[in-house]
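A.B. asks: Okay, sequence plus prediction incoming.
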Protein chains: 2
Amino acid sequence: MREPQVVPLDGLPARVTVYEVGPRDGLQNEKAIVPVEVKAEFVRRLVASGLTAVETTSFVHPTWVPQLADAEALLAALPAYDGVRMPVLVPNERGLVRALDAGVREIAVFGSATETFARRNLNRTVAEQYEMFAPVVAAYRERDLPVRAYVSMCFGDPWEGDVPVPQVVEVCARMMALGATELSLGDTIGVANPGHTRALLTALAEAGVDLGAVSVHFHDTYGQALANTLEALRCGVTSVDSSAGGLGGCPYAESATGNLATEDLVWMLHGLGIETGVDLPALVATSVWMAEQLGRPSPSRTVAALAPRG
Amino acid sequence: MREPQVVPLDGLPARVTVYEVGPRDGLQNEKAIVPVEVKAEFVRRLVASGLTAVETTSFVHPTWVPQLADAEALLAALPAYDGVRMPVLVPNERGLVRALDAGVREIAVFGSATETFARRNLNRTVAEQYEMFAPVVAAYRERDLPVRAYVSMCFGDPWEGDVPVPQVVEVCARMMALGATELSLGDTIGVANPGHTRALLTALAEAGVDLGAVSVHFHDTYGQALANTLEALRCGVTSVDSSAGGLGGCPYAESATGNLATEDLVWMLHGLGIETGVDLPALVATSVWMAEQLGRPSPSRTVAALAPRG
C-alpha cells in the first residue's frame, strides 16, 4: 500500500494526538442499530491500528440516541488498554451515574456556543448548560480524572449564521473555569476557514487558554477540514478530532456531510513528518471493514484511494 | 444559498486567478461522448459564472482522446469573450496547425517531470519532449501570445515513486527557457503535501522562476488539495487550477480520484476574503447541471452541500 512521502514543514508540532470519534460521533447518526459486538470489534481494531484516544460511546438517554443504548455492554466487552484513552460522552448527571458505575476513567461533556443549538440539542440556554455540566465535571475532577468539554457551533450555526469569536471564547473560558481539562472546538456545520480558525485560536490564547489543551473538530462539509487543521497546527494546536473513514455528521445541521476522516488527516500528518503512532494501512483496513458492516462506502478520499480494488 | 463567512488571514494574496480546467482536463476522461452543444453550454455557463480563464479543449489526436475530437466545432460555437482567457491544449506541431487555423489566442503544452510518464503519455524521453514543444511554443511567442507549460508528476509518479525536487525544477526551468509564459505544477496522482509544496515552490523561486507565473494543479486523491493550495498561496502563488464540480482525473494514475473542485477552492478563497470574480451559486448551478448531463453526482463537497435538495 502506498505510504505518504515525507516532506516536513517548519512551524508544525513534532507529534499530534489523533482523537478518534468514530465509535461515538460517527455511529450515533447511523439509523440501523449496529450490533454491540461489531462496535466492540471496531474499537479493538482502532486501538490495534495505533490510535491512543478513542471516544468509545455515550451515556446519552437511549430515547435520544437509540444507537448508543448499549454503552454499558460495549464497555464491558472491551479491555482497559495500557496508554489508550477511552473517554465516554456524559451529557448530564444521569449519565454521570452510569459513567461512574461503569468505571469510566475519562469523560466528555457536550456544550454549545450558541443559544439556538443549546436549546435544540440540550433544551437549555447557554447559561443553563454550565449548571448541567458543573456536577458532572466536578465529580471527575474530584477524582483527578480528565474531562473534555466540547463546544459546538464554534464557527457558524445553521440558525444564527456567523458566531462571533468573543462569544465562543466566553463559552470556552466558562468550560475551563468549570474544571474541564481539554476543549474541543467544533465546526459542527463545516463552515470554518483557515482565517477564522486562526482568529479563534488567537483569541483563545489571548484569553489565557492553553492551546496545548485544545483540540479542533472540523467537519468536511465544504471540503475545508484539512486546510483548517493545517492552520490550527501552525497556531500551536496538537490534538485533532477525526472519525475513521469519515463516519458521521451532525443530524441537526443541514448538509453536514461528515467529520474529517482520520485517514485523510493521518495521510497529511505523516507526509509532514508528524508522528501520530497510527498504522495507516491497518486503519484503512478497519474503515473498509466497517464500511462493509454498514453497507456503504467510506466518504474518505484516502480510504477510497488505498482500499483494495473490487 | 449559504455563502462563506469572510475571515481573512495574513500573508495571502488579495486576488487569485482560478484557472478552470473542467472542459478539457475534466471531460477528456469521460468515456461517453458529450455532445458538442453540451460542451459549449458548459463553457458559456462557466464564463457566465465569472471565471476568467477556461481551458476549453485540446488539439490532441482524436485517436488518443476521442472525447475532444470536436475541438474545432466547439471553438466555432463559442464567442470571444472580453477579458476571458480561453486556452487550448496543443500537444505537438500537428495540434499547432489546428490551433493557428482556429485562431486560438492562448495555448498550453503538456510535459512531464518524469521519464516513465513522458514515455507513457508522450512516447518521448524528458529531453525529447522539449524538442516537441519548441516549435509550438515559438510559434505562439513569435506572435506575442501566451503559452502555459504543464509539468505533470511534480510530486510523485505512480511508477517512479518520489520525484526529487531538483528534477522538477530542471524541467520547469527548461520549459521557461523555451519561452513558456506560465507554468502549471501538476500533482497528477494527488500525493503532494504542504511541506512538499513549499519545498518545490521555494526551490523554483531560488532557481529564478517568478512565482507570479506559476499555477498549482492539485488532485484531491487523498483529500489534500486545499491544504496544499493554502500553503502555495502563502508561498506567493496567485493562480490555482481546478475543475468545476471536481470533474476528471488522470486515467494513467492508479486511484486518481480527480481534480480539486473549483467550488471547494472558491469557498475557501472567498472565506479568506480573496477575490476571484466567481459567482459561487452560479458555478454550483453549472456543476449541478453538468452532473445531470453526465448522469452522476459531482464529487465536490461544496457542490453536494449547496446543491438544491432532491
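C.D. replies: Alright, I've got the coordinates.
A.B. asks: From the contact counts, what lies against whichever helix in chain A runs longest?
C.D. replies: Taking DSSP state H as the criterion, chain A has its longest helix at helix A:126-142. Helices and strands touching helix A:126-142, by 3 or more Cβ pairs under 8 Å, 6 or more residues apart in numbering or on different chains; DSSP states H and E, are helix A:93-101, strand A:107-112, strand A:147-152, helix A:165-178. Placement of C-beta: from N, CA and C, glycine included.
A.B. asks: what residues does the third one touch?
C.D. replies: With contacts defined as Cβ atoms under 8 Å, 6 or more residues apart in numbering or on different chains, strand A:147-152 is touched by A:87, A:106-113, A:117, A:121, A:133, A:136-137, A:140-141, A:168, A:171-172, A:175-176, A:178-186, A:188, A:215, A:217, A:250.
A.B. asks: In PyMOL, how would I select just the buried ones from these?
C.D. replies: In PyMOL, a selection of the buried entries from the contacts of strand A:147-152 looks like this (16 or more other Cβ atoms under 10 Å in any protein chain shown):
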select buried, chain A and resi 87+106+107+108+109+110+111+112+113+117+121+133+136+137+140+168+171+172+175+176+178+179+180+181+182+183+184+185+186+188+215+217+250
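A.B. asks: Check residue A:75 and give its pLDDT.
C.D. replies: Looking at residue A:75, its pLDDT reads 98.
A.B. asks: and what of residue A:156?
C.D. replies: 97.
A.B. asks: Please list all residues in contact with residue A:12.
C.D. replies: Going by Cβ under 8 Å, 6+ apart, the list of residues near residue A:12 reads A:233-234, A:272, A:274.
A.B. asks: oh, I was asking about residue A:185
C.D. replies: Going by Cβ under 8 Å, 6+ apart, the list of residues near residue A:185 reads A:151, A:154, A:168, A:172, A:200, A:214-217.
A.B. asks: give me that answer again for 10 Å
C.D. replies: A:113, A:150-152, A:154-155, A:168, A:172, A:192, A:197, A:200-201, A:204, A:214-218, A:232, A:237, A:241 (Cβ atoms under 10 Å, 6 or more residues apart in numbering or on different chains).
A.B. asks: Report the rounded mean pLDDT for the longest helix of chain A.
C.D. replies: 98.
A.B. asks: And the strands in the stretch 1-150 of chain A?
C.D. replies: Here the stretch 1-150 of chain A has its strands, by DSSP state E, counting those that start in this stretch, at A:17-20, A:53-54, A:57-58, A:88-89, A:107-112, A:147-152.
A.B. asks: Reformat those as a markdown table; add mean pLDDT and distance to residue A:280.
C.D. replies: Shown next, in a markdown table, are these (pLDDT from 0 to 100; distance: least, Cβ to Cβ, whole Å):
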| stretch | mean pLDDT | distance to residue A:280 |
| --- | --- | --- |
| strand A:17-20 | 98 | 11 |
| strand A:53-54 | 98 | 16 |
| strand A:57-58 | 98 | 25 |
| strand A:88-89 | 98 | 26 |
| strand A:107-112 | 98 | 26 |
| strand A:147-152 | 98 | 25 |
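A.B. asks: Could you tell me how many residues sit around residue A:293?
C.D. replies: By other Cβ atoms under 10 Å in any protein chain shown, 14 other residues sit near residue A:293.
A.B. asks: The helix or strand that it is a member of: how far from the chain's middle?
C.D. replies: Using DSSP states H and E, the element containing residue A:293 is helix A:280-294. Relative to the centre of its chain, helix A:280-294 is centred 18 Å away, using Cα atoms, centre = their mean, to the nearest Å.
A.B. asks: for stretch A:216-233, same thing?
C.D. replies: Worked out by Cα atoms, centre = their mean, stretch A:216-233 lies 13 Å from the chain centre.
A.B. asks: List the buried residues in that stretch.
C.D. replies: Neighbour count says stretch A:216-233 has A:216-233 buried, by 16+ other Cβ under 10 Å.
A.B. asks: Grab the nearest non-local neighbour of residue A:109.
C.D. replies: Spatial nearest neighbour of residue A:109, excluding adjacent residues (Cβ to Cβ, 6 or more residues apart in numbering or on different chains): residue A:133 at 4.7 Å.
A.B. asks: so that neighbour touches residue A:92, yeah?
C.D. replies: Yes: counting by Cβ atoms under 10 Å, residue A:133 does reach residue A:92; the two are 8.2 Å apart.
A.B. asks: who touches both of the two?
C.D. replies: A:109-110, A:122, A:124.
A.B. asks: Any chance of those in CSV with distance to residue A:306 as columns?
C.D. replies: Shown next, in CSV, are these (distance: Cβ to Cβ, whole Å):
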residue, distance to residue A:306
A:109, 35
A:110, 32
A:122, 39
A:124, 43
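A.B. asks: and which of those residues is nearest to residue B:55?
C.D. replies: Among those, residue A:110 lies closest to residue B:55 (Cβ to Cβ), at 47.0 Å.
A.B. asks: Show me what that closest one bridges to in the sheet.
C.D. replies: Residue A:110 has the following beta-bridge partners by DSSP bridges: residue A:150.
A.B. asks: how close does it sit to chain B?
C.D. replies: To chain B, residue A:110 is 23 Å away according to Cβ to the nearest Cβ, to the nearest Å.
A.B. asks: need the contact list for that residue.
C.D. replies: A:25, A:58, A:60, A:89-92, A:121-122, A:129, A:133, A:148-152, A:184, A:186.
A.B. asks: just the helices in chain A please.
C.D. replies: A:36-48, A:71-76, A:93-101, A:115-117, A:126-142, A:165-178, A:194-206, A:225-235, A:262-271, A:280-294, A:301-306.
A.B. asks: shaky segments in chain A?
C.D. replies: Confidence mapping of chain A against pLDDT under 70 gives the ranges A:249-257, A:309-310.
A.B. asks: same thing but 80
C.D. replies: Flagging of chain A using pLDDT under 80 yields the residue ranges A:1, A:249-257, A:309-310.
A.B. asks: still on that earlier bit, run the angle between the helix holding residue A:293 and helix A:36-48 for me.
C.D. replies: 170 degrees (axes from the mean of the first three to the mean of the last three Cα atoms, to 10 degrees).
A.B. asks: Flag every buried residue along helix A:280-294.
C.D. replies: So for helix A:280-294, counting by 16+ other Cβ under 10 Å, buried means A:280, A:283-288, A:290-291, A:294.
A.B. asks: now the residues you listed in CSV, with distance to chain B?
C.D. replies: Converted to CSV, the buried residues of helix A:280-294 look like this (distance: Cβ to the nearest Cβ, whole Å):
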residue, distance to chain B
A:280, 11
A:283, 13
A:284, 11
A:285, 16
A:286, 17
A:287, 13
A:288, 14
A:290, 18
A:291, 16
A:294, 19
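A.B. asks: May I see these arranged in a markdown table, with distance to residue B:74 as well?
C.D. replies: Output for the buried residues of helix A:280-294, formatted as a markdown table (distance: Cβ to Cβ, whole Å):
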| residue | distance to residue B:74 |
| --- | --- |
| A:280 | 43 |
| A:283 | 45 |
| A:284 | 41 |
| A:285 | 45 |
| A:286 | 46 |
| A:287 | 41 |
| A:288 | 41 |
| A:290 | 45 |
| A:291 | 40 |
| A:294 | 43 |
